[in-house]
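Trainee: Test case, fold it:
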Amino acid sequence: MAQPPAHDAEEPAHASLAEQARQSFDALALSSTTAHMDALAKLHETAQALQLRLEVGSYRIERREDEPIVRMEIVVQGRGTYGQLRSFAMRSLQDRALALNAVRWDRSSTAEASVGGEFQFTLFMRSP
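Mentor: Prediction:
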């Protein structure tokens, strides 16, 4: 019995990865002002559900003409317990289009119960 060449066995796996990538891309929201505002509102709703107030926020849209992806860089700061801040990060990342790039924790003293947190996210969307 002859065995098929090894590269034939790899083709379905490669096709499957390509299909997964296509499906992931297709699942991204189309970049628009409404989609940007919805994404920010969703972060604030997540924080409110945890009784965490986001004190400062900023965002920036990054588009490259040669790419079909738009990146929305989001930075938010809040103050709460360690558990609230950690839960905020975990719940926010349930959105598969959102990546957490950096987190910074700040507590002025060991006697203080609240912790300051800064989260730097990237939200990926399809170019219009």
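Trainee: Please report how far the most centrally placed residue in the chain lies from residue 74.
Mentor: Nearest to the geometric centre of the chain sits residue 98, at 1.4 Å (Cα atoms, centre = their mean). Separation of residue 98 from residue 74 (Cβ to Cβ, to the nearest Å) stands at 8 Å. Where C-beta positions appear, they are placed from N, C-alpha and C, glycine not excepted.
Trainee: intersection of neighbour lists for these two?
Mentor: By the contact definition Cβ atoms under 8 Å, 6 or more residues apart in numbering, residue 98 and residue 74 are jointly contacted by 39, 121, 122, 123.
Trainee: Dump the C-alpha coordinates for the one helix or strand the last one maps to into PDB.
Mentor: Yep, that's residue 123 we're talking about. Using DSSP states H and E, residue 123 sits within strand 115-126. C-alpha atoms of strand 115-126 as PDB (Å, rounded to 0.1, in the frame of the first residue of the first chain):
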ATOM      1  CA  VAL A 115      -5.900  50.500  43.100                       C
ATOM      2  CA  GLY A 116      -5.600  52.600  40.000                       C
ATOM      3  CA  GLY A 117      -5.500  50.800  36.700                       C
ATOM      4  CA  GLU A 118      -4.700  51.900  33.100                       C
ATOM      5  CA  PHE A 119      -5.700  49.500  30.300                       C
ATOM      6  CA  GLN A 120      -4.400  49.900  26.800                       C
ATOM      7  CA  PHE A 121      -6.600  48.000  24.300                       C
ATOM      8  CA  THR A 122      -6.600  47.600  20.500                       C
ATOM      9  CA  LEU A 123     -10.000  46.900  18.800                       C
ATOM     10  CA  PHE A 124      -9.700  45.400  15.400                       C
ATOM     11  CA  MET A 125     -12.300  46.200  12.700                       C
ATOM     12  CA  ARG A 126     -12.700  45.800   9.000                       C
END
